[in-house]
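In: build the 3D model from these lines:
(one chain, ligands or ions: 1)
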Amino acid sequence: MFLSLKKKARVHSPWIYHFHTGGCNGCDIETFATLIPRFDIERFGVKLVSSPRHADIIIVNGPFTKQFVPMLLRVYNQVPNPKIVIAIGSCALTCGVFNRNGEENYALAGPIEKLIPVDVCVPGCPPKPEAIIQGIMYAIQKLSSL
Ligand code: SF4
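Out: Predicted coordinates for the structure are as follows:
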């Protein structure tokens, strides 16, 4: 009974932690745009939280620089199970413009799936708020099946 109540709360009001791992901030701006009244992601019960311990979903963007390795692992481990990871933007998925034709970039440890499992990918440089909202909807669908 308590577990099904928890699951219902998670699916109808998923809490999201946003983690930036470098990049140009374009993806951050588009992610935060989903919260403004024009796109209003909160109509789906979605809430942005400031602590990973309270989150159900982690949104990660940026090309994932080496200095973020311990922080990303720490954040990932702090989010309680079951959790969903959404990688937003070309940088998060492939290191984007920072990936020079597959040459190794001394500053990067990415893409993000090298370090943590990614459940939902939202491509684009940067992706539009509509695409990010669609990614969050996929993440909620996945959450409901866990
Ligand atoms: S994917 Fe594009 S917009 Fe997003 S952080 Fe990388 S360079 Fe910036």
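
In: quickly find the element holding residue 30.
Out: Counting by DSSP states H and E, the element that carries residue 30 is helix 26-33.

In: I'd like to know how many residues surround the residue lying closest to residue 114 once chain neighbours are set aside.
Out: Leaving aside its chain neighbours, residue 114 sits nearest to residue 64 (7.9 Å; criterion: CB to CB, 6 or more residues apart in numbering). Backbone N, C-alpha and C define where each C-beta goes, glycine included. Here the number of neighbours of residue 64 (other CB atoms under 10 Å) works out to 29.

In: residue 64 contacts residue 112, doesn't it?
Out: Yes. Counting by CB atoms under 8 Å, a contact exists between residue 64 and residue 112, whose distance comes to 5.1 Å.

In: identify the contacts common to those two.
Out: Here residue 64 and residue 112 share the contacting residues 21, 72, 92, scored by CB atoms under 8 Å, 6 or more residues apart in numbering.

In: out of these, who's the most crowded?
Out: Going through the shared contacts of residue 64 and residue 112 with other CB under 10 Å as the criterion, the one with the most neighbours is residue 92, at 31 neighbours.
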